[in-house]
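> need a structure here:
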Amino acid sequence: MKKESTPPGDDYRIRCPRLGHQITFSYCRRENYGLPCFRTLDCWYPHFLVEDYLRKELSPEEWDKAFTRPNKTKTASLVELIEQAKKRAEKSPDDEG
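The predicted structure is shown next:
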């Protein structure tokens, strides 16, 4: 079967590894504040020529923002949040008195 560069309709769903349930391509296409989810290429490549489609649809800046920006791991995000909380705690006045 030859793959098309046209995305499937909303009646076609695949399992999202991030959300854990069935979703449509139209959801993935706009999930990231109007940009595609960073996993869209990986998830949809078996189903249609997703990279061809998105390269035509997105500007180079949008492509970079969605796919070439380094994504933080959960661990890195948690460490960053902990450090921010520590800094806030150091700056806030002590309530004891």
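> Residue 67: neighbouring residues, count only.
The number of residues packed around residue 67, counting by other CB atoms under 10 Å, is 19. (C-beta placed from N, C-alpha, C; glycine too.)
> quick one: it and residue 24, what's the gap?
According to CB to CB, to the nearest Å, residue 67 and residue 24 sit 20 Å apart.
> repeat for residue 55
With distances taken as CB to CB, residue 55 is found 20 Å from residue 24.
> More neighbours: which of these two?
Using other CB under 10 Å, the more surrounded residue of residue 55 and residue 24 is residue 24, with 16 against 12.
> pLDDT at that one, what is it?
For residue 24, the pLDDT comes out at 97.
> Then residue 71?
What the model reports for residue 71 is a pLDDT of 63.
> Let me see the contact set for residue 51.
41, 45 (CB atoms under 8 Å, 6 or more residues apart in numbering).
> a strand runs through it, doesn't it?
No. Assessed with DSSP: H, G, I helix; E, B strand; the rest coil, residue 51 is helix; it does not lie in a strand.
> Tell me how far the residue nearest the centre of the chain lies from residue 18.
Nearest to the mean C-alpha position of the chain, counting by CA atoms, centre = their mean, stands residue 37 at 2.9 Å. From residue 37 across to residue 18, the span is 7 Å (CB to CB).
> Buried residues in stretch 60-79, which are they?
63, 65, 66, 67 (16 or more other CB atoms under 10 Å).
> I'd guessed residue 28 sits against residue 38; true?
No. If you go by CB atoms under 8 Å, residue 28 and residue 38 don't touch, sitting 10.0 Å apart.
> Between these two, which is the more surrounded one?
Each of residue 28 and residue 38 has its neighbours counted (other CB under 10 Å); residue 28 has more, 21 against 17.
> Cool, thanks, talk later.
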